[in-house]
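Undergrad: structure of the sequence below:
(chains A, B and C)
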Amino acid sequence: MPELPEAESIVRGLRAHVVSESIRRADVIHRDVLRQPLRAFTGGLSGRSIERVKRRGKNVIIGLDSGSVLAINLGMTGNLLLFGSAPRGGKRPTHPTVILRFASGAVLFFNDTRRFGTAEFLQCDAWQARSDRMGPEPLSEGYTAARMVDDLSRSRSPARSWLLDQRKIAGVGNIYANEALYLAGVHPARPANAVTESEAVLLHQGLRDVLNRAIAAGGTTLRDYRNADGEVGGYKIRLRVYGREGAPCLECGRAIERMVLSNRSAFFCPVCQLAR
DNA sequence: AGTGTATCCTGCAGGC
DNA sequence: TGCCTGCAGGATACAC
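TA: Predicted coordinates for the structure are as follows:
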């Protein structure tokens, strides 16, 4: 599933092509991705034109001329695929859930195999309220190491769980959470408030580095992520711990271990990442 | 406050 | 080849 870098790559690709497009109609293939009645969704979108495309955390936000937005959470397997005209045959996305048809003839597919993603038409204040409940953007200017130190000190959650909590920090998913903890030398189960200040500085830097590098390369494709043009992510750096259980740590050679925290895998080097 | 569990879905890899 | 199990980039509700 897409995390922040993948959502950012999608946003950049879309922005170049759909701003000022007018939505002729919205077709909903699978209603279970909606969080509101069908007509509130389709009625809100039809006839609107797109003024901007933004990202907030892992969400793609399509700003409309009415001041309202189409908010898309990509879930585990969601992506947005844009075509200049209706695709036929083998080019047609395999798991369309919502299809936006533009006045120009271009077509945008919200494709989502597992349908854990969501699509929502929201008035601007409703979206704002939602956004306000999310934590800071890790790549924003204002997100300093000092802010991260302070926020970490307020929680006893394991550091990996803390990083995944969108209310604490926005856009971090399981891949980059694990990678950043490795770079900081912090064990995933370490309580957030037991992360030292110097470690938090490394975590802040490591997180921003790994996110920036992934964005620069157009995202990471593990299984099914594609950008708006249907291309795989080019993030070629070897993941250092994620998915590497049993493989040697690139620093010390010890086998990478896997543990489960809050029902999700965490990967770490038992030597390089200190539990306390 | 924080955790484990279950749930929503489909697909794929690996073991037999 | 087929069947079965476990696992997957997310998020939420629940009981404890």
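Undergrad: from here on, just use CA atoms for contacts and neighbour counts.
TA: Will do.
Undergrad: now chain A, which segments are flagged as low pLDDT?
TA: Flagging of chain A using pLDDT under 70 yields the residue ranges A:1, A:220-225, A:231-238.
Undergrad: can you show me the strands along it?
TA: A:23-28, A:50-56, A:59-64, A:69-73, A:78-83, A:96-102, A:107-112, A:118-122, A:257-261, A:264-268 (DSSP state E).
Undergrad: check the offset of the first one from the chain's centre.
TA: On the basis of CA atoms, centre = their mean, to the nearest Å, strand A:23-28 sits 24 Å off its chain's mean C-alpha point.
Undergrad: follow-up on the earlier one: just so I know, which of the strands of chain A lies nearest DNA strand B?
TA: strand A:257-261 (4.6 Å; CA to the nearest atom of the strand).
Undergrad: how about the strands of chain A in a markdown table, adding distance to A:L203 and mean neighbour count?
TA: Formatted as a markdown table, the strands of chain A follow (distance: least, CA to CA, whole Å; neighbours: other CA atoms under 10 Å):
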| stretch | distance to A:L203 | mean neighbour count |
| --- | --- | --- |
| strand A:23-28 | 41 | 19 |
| strand A:50-56 | 21 | 20 |
| strand A:59-64 | 23 | 24 |
| strand A:69-73 | 26 | 23 |
| strand A:78-83 | 28 | 25 |
| strand A:96-102 | 37 | 22 |
| strand A:107-112 | 32 | 23 |
| strand A:118-122 | 30 | 22 |
| strand A:257-261 | 19 | 15 |
| strand A:264-268 | 14 | 22 |
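Undergrad: so for DNA strand C, which of those sits nearest?
TA: Nearest to DNA strand C, of the strands of chain A and by CA to the nearest atom of the strand, is strand A:264-268 at 4.5 Å.
Undergrad: what parts of the stretch 1-150 of chain A come near DNA strand B?
TA: A:D32, A:T113, A:R114, A:R115, A:F116 (CA under 7 Å from any atom of the strand).
Undergrad: just among these, which is most surrounded?
TA: Of all these, the highest neighbour tally under other CA atoms under 10 Å goes to A:R115, namely 20 neighbours.
Undergrad: how about that residue, phi and psi?
TA: Phi and psi for A:R115, reported as degrees, to the nearest 10, are phi 60, psi 40.
Undergrad: the nearest residue to it once chain neighbours are set aside: neighbour count?
TA: Using CA to CA, 6 or more residues apart in numbering and skipping residues adjacent in sequence, the residue nearest A:R115 is A:V33, 6.3 Å away. Residues lying near A:V33 (other CA under 10 Å) number 22.
Undergrad: from A:V11, how far out is A:V33?
TA: Applying CA to CA, to the nearest Å, the value for A:V33 to A:V11 is 20 Å.
Undergrad: list phi and psi for whichever residue of the stretch 51-200 of chain A sits closest to DNA strand C.
TA: Nearest residue of the stretch 51-200 of chain A to DNA strand C: A:G173, at 3.0 Å (CA to the nearest atom of the strand). Note on A:G173: backbone dihedrals following degrees, to the nearest 10 are phi -120, psi -170.
Undergrad: who does the nearest residue to A:F109 once chain neighbours are set aside form a beta bridge with?
TA: Excluding the flanking residues, the one nearest A:F109 by CA to CA, 6+ apart is A:I99, at 4.7 Å. Note on A:I99: beta-bridge partners by DSSP bridges are A:D27, A:F109.
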